[in-house]
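Engineer: give me the fold of what follows.
(one chain, ligands or ions: 2)
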Amino acid sequence: MNNFVFNNPVRVYFGEGMMQYAMDMELPRIGKRVLLAYGGGSIKRNGVYDKVVGMLKAAGKEIVEFPGITPNPRYTEVQALAKLARENKVDFMLAVGGGSVIDCVRTAAVQALLDEDIWTVEVERHELPKEAIPMGIVLTLGGTGSDMNWLAGINDEERHEKVTYAGKHAEFDIIDPSFTKSVPMGQLLTGVFDTLSHFMETYFGKGDCVSDEVMESIMANVVRNARIIKENPENDKARSELLWDSSLAFSGIPAAGKMTDFQCHSIEHWISGYTDANHGRTLAVLHPVVYRRLCEAEPEKFARFAEKVMGIDTEGMTVNEAARAGVQALEDFIRELDLPTTFEELGISTDDELLQTIADHCLPNGGCRVQFARDDFLAILKECAR
Ligand code: NZQ
Ligand code: ZN
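Structural biologist: Ligands and ions are numbered 1, 2, ... in the order given. Have a look, this model is predicted:
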């Protein structure tokens, strides 16, 4: 196994009706002035906003609001949120939403305590944040695993890049599966694929160990429950399991002992930076295309994936045939979830100049079994645009 440090300090409150208990436990620990940040209004329509505000007020908190965080949150939104936090001298930041709200809050919580731009500190000087305003999370959408993570993806409009910033773990993470019932099925399944992607990008990285066996179980659980929830959105058990699968992905446990891959994610970040494409749907397009290449380099691992995760009976197949069957089953599964498999289905431009520009930026990731060169990235992008 590779050496690792395991530390996940997030207190998770999981289950329907857990928010009152969680707030009773957590609100006495935090200061009086709370910055409540959320997205475009889904929490007002599904009643989560009223519940959160009611509990904050009952605990005597003063609330400063920051609504309107967009999917693929922008650097300018981070700056505006940080400014509001600073001006109001808030003690705590509460993110109520999915990955975009969480990431915007996590980055702003660091920026608010810096005298210079976080881009200068983290991207130019490669420094990790020393401090941040403490934050908490009420999760309303699974998939990103951002709730148990300490990272944040922010779209930099000027540089056309989704930059991954380092922040701090949240103090607490409230996951009530019933809060996700208003998520449209397409969005829900997009999140499910993002979850699967996080596990695959860890599983196919270097350093095979016990974590791979843990991940095989969880990935099989994701595939099984995705099929159940698509068929029956009222299945609360499947909904709950998918949400916990999502959070587990970035809990630190799957990555323990591994050198992660995350090549598809790093290509996606450039595509998203240039086109504002949806994160999980872009990954759905990329994975089979990238894995058709990786499975030739690591057929044993892909054959294992075919059997343990995709449930293929590989008896009588050669290792290479089993590996390819695993990738084909993944692509079939993506179609079964009604997710896109081409850039056209994703709804982004396939303009040659754009693909060339994106390929110019892509870099190989150390944990990936194949070290792609610029021409390989272009070939991958062109295959996605087929
Ligand atoms: O904005 P509102 O009105 O709330 O609507 C949102 C948004 O339109 C809606 N939604 C959320 N909860 C809902 C709901 N609609 C109905 N009912 C609810 N309960 O869903 C839409 C998408 O929300 P968003 O937060 O953008 O989605 P997601 O959670 O997939 O987050 C995507 C972002 O997370 C980043 C991605 O790059 C992307 O920017 N990621 C963050 C990671 C991390 N920090 O560790 C890792 C991931 O790989 C990913 O990169
Ligand atoms: Zn992701």
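
Engineer: going forward, measure contacts and count neighbours with C-alpha atoms only.
Structural biologist: OK.

Engineer: give me the pLDDT value at residue 368.
Structural biologist: If you check residue 368, the pLDDT there is 96.

Engineer: next: residue 159.
Structural biologist: 88.

Engineer: residue 386 too?
Structural biologist: pLDDT at residue 386 comes out at 87.

Engineer: isn't it right next to residue 349, touching?
Structural biologist: No: assessed by CA atoms under 8 Å, residue 386 is found out of contact with residue 349, at 11.6 Å.

Engineer: now do the shared contacts for these two.
Structural biologist: Listed as contacting both residue 386 and residue 349 by CA atoms under 8 Å, 6 or more residues apart in numbering are residue 343.

Engineer: any idea how this structure splits into domains?
Structural biologist: 11-180, 185-385 (automatic domain parsing).

Engineer: adding mean neighbour count and distance to residue 2, write the ones you listed out as TSV.
Structural biologist: Listed next are those as TSV, based on neighbours: other CA atoms under 10 Å; distance: least, CA to CA, whole Å:
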stretch	mean neighbour count	distance to residue 2
domain 11-180	19	20
domain 185-385	20	4
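
Engineer: want to throw those into CSV with distance to residue 3?
Structural biologist: Formatted as CSV, the domains of the chain follow (distance: least, CA to CA, whole Å):
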stretch, distance to residue 3
domain 11-180, 19
domain 185-385, 6
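
Engineer: could you list which residues are in contact with the residue positioned nearest the centre of the chain?
Structural biologist: Geometric centre of the chain, nearest residue: residue 144, 2.2 Å, by CA atoms, centre = their mean. Neighbouring residues of residue 144 by CA under 8 Å, 6+ apart: 98-99, 191, 194-195, 246-247.

Engineer: ok, it to residue 27 distance?
Structural biologist: 25 Å (CA to CA, to the nearest Å).

Engineer: ligand 1 contacts on the stretch 1-150 of the chain?
Structural biologist: 39-43, 70-73, 97-101, 103, 140-146, 149 (CA under 6 Å from any ligand atom).

Engineer: those residues in strands, which ones?
Structural biologist: In strands, judged by DSSP state E, the following of those are found: residue 97.

Engineer: next one: the longest helix along the chain to chain centre, how far?
Structural biologist: Counting residues, the longest helix in the chain under DSSP state H turns out to be helix 210-231. Per CA atoms, centre = their mean, to the nearest Å, the displacement of helix 210-231 from the mean C-alpha position of its chain is 16 Å.

Engineer: elements contacting that helix?
Structural biologist: The contact analysis (3 or more CA pairs under 8 Å, 6 or more residues apart in numbering; DSSP states H and E) places helix 210-231 against helix 185-203, helix 236-249, helix 299-308.

Engineer: what helix or strand does residue 26 sit in?
Structural biologist: Using DSSP states H and E, residue 26 sits in helix 19-26.

Engineer: give me the residue from the stretch 251-386 of the chain nearest ligand 1.
Structural biologist: residue 279 (5.3 Å; CA to the nearest ligand atom).

Engineer: measure that residue to residue 197 for me?
Structural biologist: 11 Å.

Engineer: residues shared between the contacts of those two?
Structural biologist: Joint contacts of residue 279 and residue 197 (CA under 8 Å, 6+ apart) do not exist.

Engineer: where does the stretch 151-300 of the chain dip in pLDDT?
Structural biologist: Within the stretch 151-300 of the chain, no stretch has pLDDT under 70.

Engineer: show me which residues of it sit near ligand 1.
Structural biologist: 151-153, 179-180, 182-183, 191, 279.

Engineer: for residue 5, grab phi and psi.
Structural biologist: Reported as degrees, to the nearest 10, the phi and psi values for residue 5 are phi -110, psi 120.

Engineer: likewise for the one 10 residues further on?
Structural biologist: According to degrees, to the nearest 10, the main-chain angles of residue 15 amount to phi 130, psi 160.

Engineer: make 28 the first number, not 1, from now on.
Structural biologist: Okay, residue one is now 28; in that scheme the one you just asked about reads as residue 42.

Engineer: residue 39 belongs to a strand?
Structural biologist: Yes: under DSSP: H, G, I helix; E, B strand; the rest coil, residue 39 sits within a strand.

Engineer: distance of the residue nearest to the centre of the chain from residue 57?
Structural biologist: 26 Å.

Engineer: likewise for residue 185?
Structural biologist: In terms of CA to CA, residue 185 sits 36 Å off from residue 57.

Engineer: ok, residue 236 next?
Structural biologist: Counting by CA to CA, the gap from residue 236 to residue 57 is 40 Å.

Engineer: sorry, back to before: residues touching the residue of the stretch 278-413 of the chain closest to ligand 1, list them.
Structural biologist: Counting by CA under 8 Å, 6+ apart, residue 306 has contacts 99, 221, 295-296, 299.

Engineer: now do the spatially most distant residue from the centre of the chain, the pLDDT please.
Structural biologist: Largest separation from the mean C-alpha position in the chain: residue 343, at 37.2 Å (CA atoms, centre = their mean). With respect to pLDDT, residue 343 scores 97.
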